[in-house]
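Colleague: let's see this in three dimensions:
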Amino acid sequence: MSPRQHHRRKRQQVEHPRRDEPGYLARFGSGAAGPLAEAYRIAGYADGLVGAAPACAVLKPHYDSGLKWADANNPQPEDPLWGAGVRAGLTWDGTFYRDRARYPAGGALFWCAYFKPGSGPGLKNGYWFNFGSGWSHLHNDQPAALLAGAAQKLFFDPVTNQWTLVIEATQFVTHAVVNVWTGTKSGGNDPTGSYTRTAGLDPLAALTIAAL
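Modeller: As a prediction, this is how the structure comes out:
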């Protein structure tokens, strides 16, 4: 092999790495074999699958949270609560949507529960979700501020070179963001597959993402 041929082969190896090579997505964009779906869903999802474990009870409203119960004049610790979430919110169905117009910062590899087609600001318009023992709210009803509040997100993280699934809740009164469940999946050219838990209140070991 001549020096020129050797140089050409070496350059081709650098410019055309295998798609399953570690770091491919981070270095060369989506790397998706495609087609990527506009929506994905947690397989077998039903309300309570995530966020209803005993450890998630801290997400529920409580008697001294500033909310008014039926016995508003004399709330007691043993008073019955009206449950999780917010009264006017929607019940999340475990689905994630892509919307590059509303959230261009996410790019082609970012899906979020708030981006269902036709959704918009407000309680029952799809920016407030009830699930498990908690609820989430898009920060200030502004997609651009998505990362400032609690959200259900599915995306590729180029820093860790992993697909990541994040489910967050909004704490009552303080509105602090609470990590309910986070998991990751290594490899693959799309987000489908099994995610292994890495953090969160809910101890559920794994969740599976499927194309809608």
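
Colleague: all strands of this structure, in order?
Modeller: 39-42, 90-91, 95-97, 110-112, 128-131, 134-137, 152-157, 162-170, 177-186, 193-199, 206-211 (DSSP state E).

Colleague: got the angle for the longest one vs strand 162-170?
Modeller: Meaning strand 177-186. Orientation check (axes from the mean of the first three to the mean of the last three C-alpha atoms, to 10 degrees): strand 177-186 against strand 162-170 gives 160 degrees.

Colleague: for strand 177-186, list the C-alpha coordinates in CSV.
Modeller: Output of strand 177-186 as CSV, limited to C-alpha atoms (Å, rounded to 0.1, in the frame of the first residue of the first chain):
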residue,chain,number,x,y,z
VAL,A,177,-38.6,20.6,41.7
VAL,A,178,-38.5,17.0,43.0
ASN,A,179,-36.8,14.2,41.2
VAL,A,180,-39.4,11.4,41.1
TRP,A,181,-37.6,9.0,38.7
THR,A,182,-34.5,9.3,36.5
GLY,A,183,-33.1,6.5,34.3
THR,A,184,-30.7,6.0,31.4
LYS,A,185,-30.2,3.8,28.4
SER,A,186,-26.8,3.4,26.7
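
Colleague: what does the pLDDT read for residue 85?
Modeller: The predicted structure scores residue 85 at 75 on the pLDDT scale.

Colleague: just residue 142 next, same as before
Modeller: Here the pLDDT value assigned to residue 142 is 96.

Colleague: now residue 15
Modeller: Here the pLDDT value assigned to residue 15 is 40.

Colleague: what's the answer for residue 139, then?
Modeller: 94.

Colleague: contacting residues around the residue nearest to it when sequence neighbours are not counted?
Modeller: Spatial nearest neighbour of residue 139, excluding adjacent residues (C-beta to C-beta, 6 or more residues apart in numbering): residue 149 at 2.9 Å. In short, each C-beta sits where N, CA and C put it, glycine included. Neighbour list for residue 149: 136-140, 170, 175, 177 [criterion: C-beta atoms under 8 Å, 6 or more residues apart in numbering].

Colleague: what's the closest non-adjacent residue to the most centrally placed residue in the chain?
Modeller: By C-alpha atoms, centre = their mean, the mean C-alpha position of the chain lies nearest to residue 153, the distance being 2.0 Å. Once flanking residues are discounted, residue 153 sits nearest to residue 166: 4.5 Å by C-beta to C-beta, 6+ apart.

Colleague: now for the one you found, how many residues are close by?
Modeller: Residues near residue 166, counting by other C-beta atoms under 10 Å, number 21.

Colleague: so what pairs up with it in the strands?
Modeller: Residue 166 has these beta-bridge partners by DSSP bridges: residue 153, residue 182.

Colleague: how is the chain carved up into domains?
Modeller: 1-31, 33-211 (automatic domain parsing).
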